[in-house]
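> Pasting the sequence and the predicted model now:
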Amino acid sequence: QREHCLSERLRDRVNAGSGEMKIGFIGIGNMGGAILYGYASEKDDKNEILVMNRSRSRCEEAKKRFPEIRICDSISELSKKSDMVIIGVKPQGIEEVINEMEETFTGEKTAISMAAGVDMAYLSKHLGKDAKIIRIMPNTPAQVGEAMVAMCRNENVTDEDFAAAENLFASTGKTCEIDEALIDCVIGVSGSSPAYTYMYIQALAEAAEANGMDREKARVFAAQSVLGAAKMVLESSESIEQLRLNVCSPNGTTIEAVNKLFENEFMEKAKEGFQAAADRSREMTAEKAAKVKA
């Protein structure tokens with residue numbers, strides 16, 4: 001299994017590849033746009049960027065920020081001209097996109113999809129058994145350069161192809177290669193979890209406001225404490241549980257709050273939210289698979 005993170009191992013290898021690529025983005029909304037802007041802002045290569053979006057105004061906005069971007073008039077045009085195609089549409093729009101890509105997509109190109117519930121087998125069914133396919137599961141913090149991007153690939157994708165893709169997504173945060181079987185888990189733990197985290201920050205901010213703090217200050221205090229705690233988890237060698245215990249003094253304020261959260265099954269409720277997202281992802285994948293068989 002390949003579950004290790006790749007940034008350290010492959011960062012330099014992409015520079016030894018075959019040279020300039022044409023990278024196409026289909027769909028540059030919240031997620032696709034975040035990845036586009038992250039890459040365009042950080043890239044130091046000669047790769048050419050092409051974009052296509054149903055709402056042309058988004059393409060024109062992107063071109064204003066990065067004049068070197070080329071706007072395509074159709075999905076088939078972008079697919080024909082690109083070496084790597086990033087498909088940034090929602091699951092319900094994926095079929096229309098790949099149907100339009102079919103005629104111009106060849107085995108030398110790489111297709112990258114971020115649609116939840118759409119597995120590589122489904123994409124291969126439309127794009128061909130020789131198609132190079134990478135499936136990713138990013139999250140919305142890509143907009144501020146702090147994404148967690150899970151990546152998996154089919155057997156047609158070479159290490160060099162994958163290194164080029166990993167380099168692109170590393171511009172938006174952290175990347176990690178996993179087996180596709182773990183994608184549903186990823187959706188629960190990172191793909192959907194920013195929403196649960198926002199709920200926690202909102203609850204803290206509203207409680208602070210109710211206790212007399214200015215709304216904007218409450219927002220900053222709550223968000224910065226979560227940001228700092230997350231950084232501690234990433235940079236400390238101690239377990240998450242030990243980090244919690246380090247904050248709790250006997251008969252102090254923190255242990256009082258922690259005990260109240262345990263009493264109300266705070267952690268169990270968070271796990272239930274995770275499981276609901278993961279289970280829904282599995283259902284969506286099964287629905288797509290059944291449609292292909294039909």
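Nice, thanks for sending it over. Numbering: from 1, shown residues only.

> for Lys174, helix, strand, or coil?
Secondary structure of Lys174, reduced to three states by DSSP: H, G, I helix; E, B strand; the rest coil: strand.

> er, Ile134 actually
Quick answer, by three-state DSSP: Ile134 is strand.

> residue contacts, it?
Contact analysis of Ile134 by Cβ atoms under 8 Å, 6 or more residues apart in numbering lists Thr110, Ala111, Ile112, Ser113, Met151, Cys152, Arg153, Asn154, Val157, Asp161, Phe162, Ala165. Where you see a C-beta, it was placed from the backbone N, CA and C, and this is true even at glycine.

> okay, the nearest residue in space to Ile240 that is not next to it in sequence: pLDDT?
Leaving aside its chain neighbours, Ile240 sits nearest to Val233 (5.9 Å; criterion: Cβ to Cβ, 6 or more residues apart in numbering). Turning to Val233, the model gives it a pLDDT of 97.

> separation between the most far-flung residue of the chain relative to its centre and Asn259?
Distance from the C-alpha centroid of the chain, by Cα atoms, centre = their mean, peaks at Asn251 (41.4 Å). Noted for Asn251: a distance of 11 Å to Asn259, by Cβ to Cβ, to the nearest Å.

> which residues does Arg135 bridge with?
Ser113, Cys152 (DSSP bridges).

> Let's verify the residue nearest to Ile240: helix, strand, or coil?
Val233 falls in the helix class when you classify it by three-state DSSP.

> Compute the number of surrounding residues for it.
For Val233, the neighbour count with other Cβ atoms under 10 Å is 12.

> And it, how far from Arg244?
10 Å.

> same check, this time on Ile255
To Arg244, Ile255 is 10 Å away according to Cβ to Cβ.

> where do the contact lists of these two overlap?
Joint contacts of Ile255 and Arg244 (Cβ under 8 Å, 6+ apart) do not exist.

> what's the helix or strand for Glu60?
Per DSSP states H and E, Glu60 falls inside helix 56-65.

> which neighbours does the helix or strand that that helix is followed by have in its sheet, and in what orientation?
Counting by DSSP H and E, the next helix or strand C-terminal to helix 56-65 is strand 70-71. Paired neighbours of strand 70-71 in the sheet (DSSP bridges): strand 48-52 (parallel).

> contacting residues around the strand it pairs with?
So strand 48-52 is contacted by 20-28, 36, 39-40, 59, 62-63, 66, 68-75, 77-78, 81-82 (Cβ under 8 Å, 6+ apart).

> re the thing from before, among the contacts of Ile134, who's most crowded?
Ala111 (29 neighbours).

> So which elements touch whichever strand or helix holds that residue?
For Ala111, the host element (DSSP H and E) is strand 110-113. Packing contacts for strand 110-113, counted by 3 or more Cβ pairs under 8 Å, 6 or more residues apart in numbering; DSSP states H and E, involve strand 84-87, helix 94-101, helix 120-127, strand 132-137, helix 159-170.

> No further queries at this time; thank you.
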